[in-house]
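Student: Okay, sequence plus prediction incoming.
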Amino acid sequence: MKALVYHGPGVENLRLEEVKTPEPNSHEVLVKVKLAGITNLEYLIVNNLPYSLFTLKSPPPLTPMPHILGIEFSGFVERVGDHVKGIREGDRVAVYEVLFDGTCDMCSQGSTQICRKVGHIGINSNGGYAEYTIVPETNVFPIPDDMDWGLATSLSHSVTTAYHALNKANVKLGDTVVVFGASGNVGMFAVQFAKMLGANVVAVTRDPQNKEWLKEFGADYVVRPDEVVELVKKTTNGRMAEVSINPLGVDVWDKSIEVLGPNGKLVFFGGYKSLQVTLGPLPLIYGREISLISTRIGSLHEFKQVIKYYKKLKVKTWKIYELESANEAFKEVLDKNGKQFIKIS
């Protein structure tokens, strides 16, 4: 089969190769990949940049090596293991990217995303940048025939991460929610979920003139980072926002605190360019009793829940690459105007 194989840092070390098609064991599923997503995670790995998922480890602990990246993908079931139930050959499927044991205290509490032995498809096993890939039966879910492939692919990481963040924030009807990085992989879905919950949504992006599509996704305002504090102050009559969502880390850290009012909540995840931030404007944090809430991808339960929203969710596709030319994507993924995908089959 064809696969985009990572041999080490640098786009030049990401090579299209012929490799052996894997065989599923008794509790695994062989997925024929239709579409794969490109997230900040893959960009940072390929370009040897720090990323919070790996704490301070460098290079990232990819298994096996050479490695096939790709935490977001969807496709058809090609073959199932002898003991797999509820999944048939030919099923259209989405994939939950978190590897979990299902037996630890965190899994028992429903928090599979912070399993004591947590791993990730595309990191701790080969991922979706190949014509075929192996997935545990616990991570494969049939999807409706009318679900868009772009959305099915995004469920794996982007959609579930946004949904989990809004859940942790406990957004209420009438809240003002400020979403930084709104035109990115996770941001576009955070905007949509915030609007579904009845919030007034402020989408923050570096180039608002080219991101008017965010209003179609539920944003009431689309604004630059340097304008957001004044806009929130004006539109809330000085009350400020109840929630801010920061998937970008240090670049907008202070702004994501400054937009909040008393009892405000900053939900943060992802982050790149730096693995550390200063705590920020302390008089605002403790003076307004602001809560700092860290999150990551959602749980298996949340993944199953977001599938039910598929008719209400939209995907802004920026670019689709053929597998043969996918290297180009890793030169520009941080300057996004929607999602990037790799067409596999």
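Tutor: Cool, got the structure.
Student: Quickly list what residue 125 is bridged to.
Tutor: As for beta bridges, residue 125 partners with residue 121 under DSSP bridges.
Student: Show the pLDDT at it.
Tutor: Listed pLDDT for residue 125 reads 98.
Student: Run a quick neighbour tally on it.
Tutor: Using other C-beta atoms under 10 Å, residue 125 is surrounded by 19 other residues. In this view, the C-beta of every residue, glycine as well, is placed from N, C-alpha and C.
Student: Contact partners for it?
Tutor: 63, 99, 119, 134 (C-beta atoms under 8 Å, 6 or more residues apart in numbering).
Student: so where is the stretch 51-200 of the chain shaky, pLDDT-wise?
Tutor: For the stretch 51-200 of the chain, the stretches with pLDDT under 70 are 51-60.
Student: All the helices of it, residue numbers only.
Tutor: Counting by DSSP state H, counting those that start in this stretch, the stretch 51-200 of the chain has helices at residues 105-108, 149-154, 160-169, 187-196.
Student: Helix, strand, or coil at the residue nearest to residue 221 when sequence neighbours are not counted?
Tutor: Leaving out its chain neighbours, the residue that sits closest to residue 221 by C-beta to C-beta, 6 or more residues apart in numbering is residue 202, at 4.8 Å. Under the three-state scheme (DSSP: H, G, I helix; E, B strand; the rest coil), residue 202 adopts strand.
Student: go on, residue 232?
Tutor: Residue 232 ends up helix, using three-state DSSP.
Student: separation between it and residue 20?
Tutor: 54 Å (C-beta to C-beta, to the nearest Å).
Student: what do you get for residue 113?
Tutor: With C-beta to C-beta as the criterion, residue 113 and residue 20 are 31 Å apart.
Student: For residue 17, what are phi and psi?
Tutor: Backbone geometry at residue 17, expressed as degrees, to the nearest 10, gives phi -140, psi 160.
Student: Repeat that for residue 254.
Tutor: Given degrees, to the nearest 10, the pair of backbone angles that residue 254 has is phi -60, psi -40.
Student: now residue 12
Tutor: phi -70, psi -20.
Student: neighbours around it, how many?
Tutor: Neighbour tally, residue 12, other C-beta under 10 Å: 10.
Student: Could you double-check that the residue nearest to residue 221 lies in contact with residue 220?
Tutor: Yes: using C-beta atoms under 8 Å, residue 202 makes contact with residue 220 at a distance of 6.8 Å.
Student: Between the two, point out the one with more neighbours.
Tutor: Ranked by neighbour count (other C-beta under 10 Å), residue 202 and residue 220 place residue 202 first, with 27 against 17.
Student: Okay, now the sheet partners of whichever strand in the chain runs longest, with direction.
Tutor: As assigned by DSSP state E, the longest strand anywhere in the chain is strand 28-38. Using DSSP bridges, the strands paired with strand 28-38 are strand 73-80 (antiparallel), strand 132-136 (antiparallel), strand 339-343 (antiparallel).
Student: Nearest to residue 147 among the ones you listed would be which one?
Tutor: strand 73-80 (8.7 Å; C-beta to C-beta).
Student: What lies in contact with that closest one?
Tutor: 24, 28-37, 87-95, 127-129, 132-133, 137, 140, 143, 149, 152-153, 155-156, 344-345.
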